[in-house]
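Colleague: This is a predicted model, with the sequence first.
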Amino acid sequence: MGVGRSKSAVFLFFLFTSTLAFVVPSLLAKKKDTNKDEGIIPISQGEQRRALHALNRLTFGPRPGDVQQVAEMGVDRWIDLQLHPEKMNDDALDGHLQTFRTLRMSSKELAENFPDGQELNQVLNGKKSMPSDPALRMVYQVQIERHQEKKDRKERETADKNASGAMSGKAPANGSTMTPNSTAGNTNAAQDNAAANPNSDSKAAPDAENTMAASDPSSTAPAPPLTAAEKEEARLREEQLYADLEVQQLPNLPPEQRYKKIVSMKLPQQLTLADTLRGGKGQEFLEGMTPKQKETLLAMNNPQGVVTGEMAQAKLLRAIYSERQFEEVMTDFWFNHFNVFVDKGLDRIMLTSYERDVIRPHVFGKFEDLLVATAKSPAMLFYLDNWLSVGPDSPQALGLPAHPNGPYRRRYPPRQNPNKRHSGLNENYGRELMELHTLSVNGGYSQQDVTEAAKVFTGWTIDKPADGGGFKFDPRMHEPGPKVVLGHRLKPKGEGEGLELLHRLATSPQTAHFISLKLAERFVADDPSPALVDHMAKTFLKKKGDIREVLRTMFHSPEFWDDGTYRDKVKTPLEFVASAVRATGAEVDDALPLTRQLNNMGMPLYGAQPPTGYSMKAETWVSSSALLNRMNFALALTSGKVKGVKLDVARLTGSDTAPLDSNGTLAKLEANLLDGTVSKQTHDSITAQIDAANGGQQKPDNKSGKRKPDDLSRSAEVNTIAGLLLGSPEFQKR
């Protein structure tokens with residue numbers, strides 16, 4: 001067994017190093033016209049090749065049989081169907097998502113059921129009452145107790161530092177001092193003196209003897225009574241022992257009884273149970289429970305982690321299983337364009353609604369509608385801090401009361417202290433709106449335009465954000481007077497100023513060009529043809545920002561179907577993981593381990609911190625370390641070592657029904673995973689490595705001249721070859 005594992009490790013290391021040696025340069029190299037050299041049919045002359053190209057660009061990768069199905073339907077007809085997802089049945093996906101209750105909750109419901117620190121503090125401080133529902137109350141109690149434990153721990157650490165400082169003659173951290181006559185000081189001094197001089201006549205000596213006598217089992221002296229602290233410590237030990245025993249008995253109960261028992265337990269037992277479920281443990285313990293029961297128990301440790309975890313799993317499952325593939329690709333595209341970082345505080349409970357209610361309904365609609373929806377979204381307002389932005393001359397900044405009849409309109413009196421300004425103006429959204437959402441960094445705006453745009457959007461805020469509230473316009477925060485943005489004078493009209501500016505930006509030629517460029521970069525090439533971008537921009541302006549029409553223009557362009565674009569876009573980690581699962585036909589029972597794989601590859605879902613989102617260009621994702629992570633994942637996937645994912649590689653090769661020789665197995669894998677479009681370099685590299693690992697036991701193929709493994713079952717497992725093909729340059733591109 002040990003020798004076999006050693007040979008396997010050497011073989012895999014050899015495969016890694018030799019494969020990566022040509023993968024990185026191949027991915028970064030400029031596209032060459034290889035049609036003449038390899039006899040590849042041009043895209044325009046082969047419906048099957050067109051089908052594969054369309055599937056690679058409009059989906060998260062083809063599944064077994066997809067290419068043939070799309071070719072038979074007709075590529076143009078299939079694209080048109082993908083542009084109208086409402087015509088497609090997606091019941092299979094719904095089955096995978098039905099256990100995630102948070103996907104259907106409002107932000108308010110998420111805030112109540114999965115509390116953050118602010119919500120817990122309000123309950124702890126008596127500003128809010130404890131939930132009446134026993135299960136939800138359990139979540140709150142466990143979280144509050146954990147919060148109190150942290151607080152107590154910090155206080156103990158501070159006390160220990162103070163005590164240490166007192167022993168060394170330093171002043172305690174709290175500023176108190178020890179007087180020479182203090183009891184603590186005399187006691188410590190006596191003990192120190194007795195320890196230093198055993199023969200001393202100090203009064204501490206008899207006390208020490210009495211103490212020793214009391215601790216001697218043979219002594220007849222009565223034991224001193226326990227202090228209050230010692231009694232409490234003994235009680236806690238007994239309570240913890242009882243809690244441990246209670247928790248150990250839970251797995252023997254049926255799921256429903258087990259859950260009811262947990263909810264009825266005392267707090268110490270619930271805390272002990274929560275500890276056993278930390279870090280993704282205890283999945284077997286949760287087996288058989290309802291989605292709500294599972295979420296409740298997991299929320300005892302990390303309430304908002306349940307929300308973000310289900311959101312990430314759902315995104316990956318949609319990418320893998322949805323029949324409405326292009327809708328999922330476009331949802332990912334627009335979310336990335338209007339990026340919001342999940343770990344920006346309250347955005348943990350706002351992002352579910354942001355993607356579901358703001359992004360997804362508008363992916364094929366009018367760009368202006370999408371722009372307005374994102375501008376008013378609590379998630380965007382919170383992420384870019386616009387909800388806190390206050391106009392320098394607004395009633396709130398000047399400390400003036402609200403106008404009794406609505407927006408404050410009268411002329412303001414002069415400030416009492418003209419040297420003191422309370423602007424509170426935040427320019428984040430005004431800048432990102434023009435730089436990233438509409439005009440682009442080269443869109444012709446100035447810093448003055450950014451400042452004026454920021455004033456326009458003062459008062460665009462959130463109603464009770466901690467409670468999951470929605471958009472609200474607050475006239476007291478709004479900057480009065482006219483504003484001039486990009487040479488256009490906006491008359492004072494409160495919220496209407498923002499809507500007017502959004503309309504001007506959405507219909508700007510610079511915006512039309514920028515959005516067309518980003519779409520072409522995502523779907524055509526990292527450096528798309530200027531002629532194509534101009535053509536798309538004209539459609540954008542003519543059709544008033546109709547996204548579906550702009551996409552249709554792109555798909556009917558010769559540039560999209562140019563042979564140079566074929567497999568010329570490097571996949572992002574999300575695209576790679578989803579396409580690998582789809583290509584192999586693997587079944588995902590638990591998507592959480594797959595989301596962790598994306599973390600390892602540098603693309604945590606919803607985890608792009610800057611407003612720019614994740615890059616779609618090759619240089620961001622191509623490096624030896626990044627591709628090694630991908631290769632490790634590919635081999636783990638095909639070897640059945642990714643938790644929560646089941647894969648039958650034998651079924652993928654067809655060897656479960658009819659055994660194949662080594663050459664047939666390799667050819668079958670190349671056909672199923674890469675539609676047979678494997679370069680000679682990739683094929684020769686794999687066969688040569690197997691040959692080397694097998695001691696040179698390969699024979700030449702007289703027909704093709706290629707080297708082939710003599711006995712694949714002896715030289716390397718089928719799953720290893722499948723993993724190497726998933727890690728090849730051909731599969732890394734779409």
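Modeller: Now that the structure is in, tell me what you want to look at. Numbering: from 1, shown residues only.
Colleague: Which parts of the stretch 1-150 of the chain are helices?
Modeller: Remark: helices assigned in the stretch 1-150 of the chain by DSSP state H, counting those that start in this stretch are 2-28, 35-38, 47-58, 66-73, 75-82, 91-97, 107-113, 117-124, 134-167.
Colleague: model confidence over the fourth one, on average?
Modeller: Across helix 66-73, pLDDT averages out at 93.
Colleague: before we move on, what about the second one?
Modeller: For helix 35-38, the mean per-residue pLDDT is 41.
Colleague: Can you give me the end-to-end span of stretch 437-453?
Modeller: For stretch 437-453, the first-to-last residue distance is 14 Å (CA to CA, to the nearest Å).
Colleague: same deal with stretch 424-436?
Modeller: So stretch 424-436: terminal residues 23 Å apart, CA to CA.
Colleague: what comes up buried for that stretch?
Modeller: 425-436 (16 or more other CB atoms under 10 Å). Quick note: C-beta positions are derived from backbone N, CA and C, even for glycine.
Colleague: farthest-separated two in these?
Modeller: Using CB to CB, the pair of the buried residues of stretch 424-436 lying farthest apart is 425 and 436, separated by 19.6 Å.
Colleague: before we move on, back to that, could you dump the buried residues of stretch 424-436 to CSV with pLDDT, secondary structure and distance to residue 669?
Modeller: Output for those, formatted as CSV (pLDDT from 0 to 100; DSSP: H, G, I helix; E, B strand; the rest coil; distance: CB to CB, whole Å):
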residue, pLDDT, secondary structure, distance to residue 669
425, 96, coil, 60
426, 97, coil, 55
427, 97, coil, 54
428, 97, helix, 50
429, 98, helix, 50
430, 98, helix, 53
431, 98, helix, 50
432, 98, helix, 46
433, 98, helix, 49
434, 98, helix, 49
435, 98, helix, 46
436, 98, helix, 42
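Colleague: With only the CA atoms kept, save stretch 63-82 in PDB.
Modeller: C-alpha atoms of stretch 63-82 as PDB (Å, rounded to 0.1, in the frame of the first residue of the first chain):
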ATOM      1  CA  ARG A  63     -22.800  19.200 -20.200                       C
ATOM      2  CA  PRO A  64     -22.500  15.800 -21.800                       C
ATOM      3  CA  GLY A  65     -24.900  15.900 -24.800                       C
ATOM      4  CA  ASP A  66     -25.400  19.600 -24.900                       C
ATOM      5  CA  VAL A  67     -23.400  20.300 -28.000                       C
ATOM      6  CA  GLN A  68     -25.300  17.800 -30.100                       C
ATOM      7  CA  GLN A  69     -28.700  19.000 -28.700                       C
ATOM      8  CA  VAL A  70     -28.000  22.700 -29.500                       C
ATOM      9  CA  ALA A  71     -26.700  21.800 -33.000                       C
ATOM     10  CA  GLU A  72     -29.800  19.800 -33.700                       C
ATOM     11  CA  MET A  73     -32.100  22.600 -32.500                       C
ATOM     12  CA  GLY A  74     -30.100  25.200 -34.400                       C
ATOM     13  CA  VAL A  75     -27.700  27.600 -32.700                       C
ATOM     14  CA  ASP A  76     -29.600  30.800 -33.600                       C
ATOM     15  CA  ARG A  77     -32.800  29.400 -32.300                       C
ATOM     16  CA  TRP A  78     -31.100  28.300 -29.000                       C
ATOM     17  CA  ILE A  79     -29.600  31.700 -28.500                       C
ATOM     18  CA  ASP A  80     -33.000  33.400 -29.000                       C
ATOM     19  CA  LEU A  81     -34.500  31.000 -26.400                       C
ATOM     20  CA  GLN A  82     -31.700  31.900 -23.900                       C
END
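Colleague: Give me the residues contacting it.
Modeller: Stretch 63-82 has contacts (CB atoms under 8 Å, 6 or more residues apart in numbering) with 47-48, 50-52, 54-55, 58-59, 87-88, 324-327, 555, 582-583, 585, 652, 672, 675.
Colleague: Now, of those, which are buried?
Modeller: Using 16+ other CB under 10 Å as the threshold, 47-48, 50-52, 54-55, 58-59, 324-327, 555, 582-583, 652, 672, 675 are the buried ones among the contacts of stretch 63-82.
Colleague: Shouldn't residue 273 be within a helix?
Modeller: Yes. The assignment for residue 273 by DSSP: H, G, I helix; E, B strand; the rest coil puts it in a helix.
Colleague: Residue 259 is in contact with that one, correct?
Modeller: No. Counting by CB atoms under 8 Å, residue 273 does not reach residue 259; the two are 10.9 Å apart.
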